[in-house]
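Colleague: coordinates only, sequence not included:
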């Protein structure tokens, strides 16, 4: 009997050892890989949450910039009128003749030069030469209207002279030559 008990105990020990070995094998073969997968999934989830927060912040910034742009649209349009993207020689000449008509001076020549790059290359400068005749007050009025124009004109020089011949000095007429620069966006 003693042998059977010892043999029965051995069987129990072997069965217990086999169950423990099977449990350890099951833990390493089945549970531990799933645990690692869950751990990697949590890490990936945290990375995606961080990316989502970053994208949400960027979308908020874009919305904020859109709102600022829409708020300042009127100012942006004015700037586009002040600094057009093209040189538009015909608009420049038309504008100068319109100002001359309003002020009462008579233009004899308007020369618009080619646009040249200025400074860092983002702006182009166009040189304009205007010659004409008129009384001092009218020339002064011409310069004031030029200053009030929607397009930015930069007067570089003004040369005045007495007009020779009929209707000249006795009538108070002067000849003038104005050198003007205007800018456009490159």
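Modeller: Received the coordinates, thanks. Given the structure is predicted, the values throughout are model-derived calculations rather than measurements.
Colleague: so where's the protein uncertain?
Modeller: When residues are selected by pLDDT under 70, those of the chain lie in 1-9, 79-87, 118-121, 165-171, 186.
Colleague: now with 90, please.
Modeller: Scanning the chain for pLDDT under 90 picks out 1-42, 44, 68-95, 111-127, 147-154, 161-174, 181-186.
Colleague: domain-wise, how is it divided?
Modeller: In the domain annotation for the chain, the residue ranges read 1-71, 84-185 (automatic domain parsing).
Colleague: okay, those in TSV with distance to residue 77 and mean neighbour count next?
Modeller: Where C-beta positions appear, they are placed from N, C-alpha and C, glycine not excepted. Converted to TSV, the domains of the chain look like this (distance: least, CB to CB, whole Å; neighbours: other CB atoms under 10 Å):
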stretch	distance to residue 77	mean neighbour count
domain 1-71	12	10
domain 84-185	11	15
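Colleague: in TSV: those, plus distance to residue 78.
Modeller: Converted to TSV, those look like this (distance: least, CB to CB, whole Å):
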stretch	distance to residue 78
domain 1-71	14
domain 84-185	8
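Colleague: how far away is residue 28 from residue 164?
Modeller: When CB to CB, to the nearest Å is applied, the distance between residue 28 and residue 164 equals 112 Å.
Colleague: now residue 36
Modeller: Counting by CB to CB, the gap from residue 36 to residue 164 is 101 Å.
Colleague: then residue 144?
Modeller: Spatial separation of residue 144 from residue 164 under the definition CB to CB is 27 Å.
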